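Undergrad: requesting a structural model of the entry that follows:
(chains A and B)
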Amino acid sequence: QKEVEQNSGPLSVPEGAIASLNCTYSDRVSQSFFWYRQYSGKSPELIMSIYSNGDKEDGRFTAQLNKASQYVSLLIRDSQPSDSATYLCAVTLGGGGSYIPTFGRGTSLIVHP
Amino acid sequence: GAVVSQHPSWVICKSGTSVKIECRSLDFQATTMFWYRQFPKQSLMLMATSNEGSKATYEQGVEKDKFLINHASLTLSTLTVTSAHPEDSSFYICSATSSGGAGETQYFGPGTRLLVL
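TA: Model (predicted):
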């Protein structure tokens, strides 16, 4: 049973701070990792994907992957109230394995002014 | 790019009727489409995976005779909720991936809210 674990939160940070969201996964052979943002009442939208160990930056977002420790994280710099949403971590085996994603339950982020 | 649409966005129906929801990939060919259901304040629940031209694979506990999925082309998948009941009221979301290779990304449609009276 593949599992993806996230702290449900809510994680509350002040505007301008760094928000750090974490995700751990159980299947060691997982190869593809995704972060989605879901606003209340809306469908998920892709923020970032990461496949290799290390950091990947895109604007205010940085994804970090550590396959040895089986965790992936998302950092949001200069957090804004508009970043308040639920952040979903998704993991797939990829590379000839299954492309069916396993989603975490999501972490609720609240950025307060 | 990578836009997925769903129609309708909202549907209200009487108990016992059937409802069809369409999911389209607008600018890419989707070899695989996924159907999810999400109840208020709960996580996404994968219902089924469909590949173009073949039967859908349903997750455990999802009734295949109640939730009919057709993936007739590389850009269109439909979900039909047959004999809908109030407990089927939920937010139904589809997603699509393009063909092949490691690291396929899912692109989600905007979702369809179903209310069964």
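
Undergrad: write out the residues of chain A neighbouring chain B.
TA: Taking C-beta under 8 Å from any C-beta of the partner chain as the criterion, chain A approaches chain B at residues A:31-32, A:34, A:36, A:41-46, A:49, A:51, A:88, A:90, A:92, A:94-96, A:99-101, A:103-106. (Glycine included, C-beta is placed from N, CA and C.)

Undergrad: now a PyMOL select for only the buried ones of the residues you listed.
TA: This is how PyMOL selects the buried members of these, with burial counted by 16 or more other C-beta atoms under 10 Å in any protein chain shown:
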select buried, chain A and resi 31+32+34+36+43+44+46+49+88+90+92+94+95+99+100+101+103+104+105+106
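
Undergrad: where strands are concerned, which of the residues of chain A next to chain B count?
TA: Secondary structure from DSSP state E places A:32, A:34, A:36, A:45-46, A:49, A:88, A:90, A:92, A:103 of those in strands.

Undergrad: where does pLDDT dip in chain B?
TA: Where chain B drops to pLDDT under 70, the residues are B:1, B:99-103.

Undergrad: for the residue most central in space within it, what are its contacts?
TA: For chain B, the residue nearest the mean C-alpha position is B:Trp35 (3.4 Å; C-alpha atoms, centre = their mean). With contact set as C-beta atoms under 8 Å, 6 or more residues apart in numbering or on different chains, B:Trp35 has these partners: B:23, B:46-50, B:67, B:69, B:77, B:79, B:92-94.

Undergrad: make it 10 Å
TA: B:Trp35 makes contact with B:21, B:23, B:45-50, B:56, B:58-59, B:62, B:67, B:69, B:71, B:77-79, B:92-95, B:109, according to C-beta atoms under 10 Å, 6 or more residues apart in numbering or on different chains.

Undergrad: near chain A too, which of the residues you listed?
TA: Near chain A, taking C-beta under 10 Å from any C-beta of the partner chain as the test, the members of the contacts of B:Trp35 found are B:45-46, B:49, B:59, B:92-95, B:109.

Undergrad: any idea which helix or strand carries the nearest residue to B:Gln38 once chain neighbours are set aside?
TA: Counting by C-beta to C-beta, 6 or more residues apart in numbering or on different chains, B:Phe91 is the residue found nearest to B:Gln38 once chain neighbours are left out, at 4.6 Å. Element membership for B:Phe91 (DSSP states H and E) is strand B:90-97.

Undergrad: quick one: strands adjacent to that strand?
TA: Using DSSP bridges, the strands paired with strand B:90-97 are strand B:32-38 (antiparallel), strand B:107-108 (antiparallel), strand B:112-116 (antiparallel).
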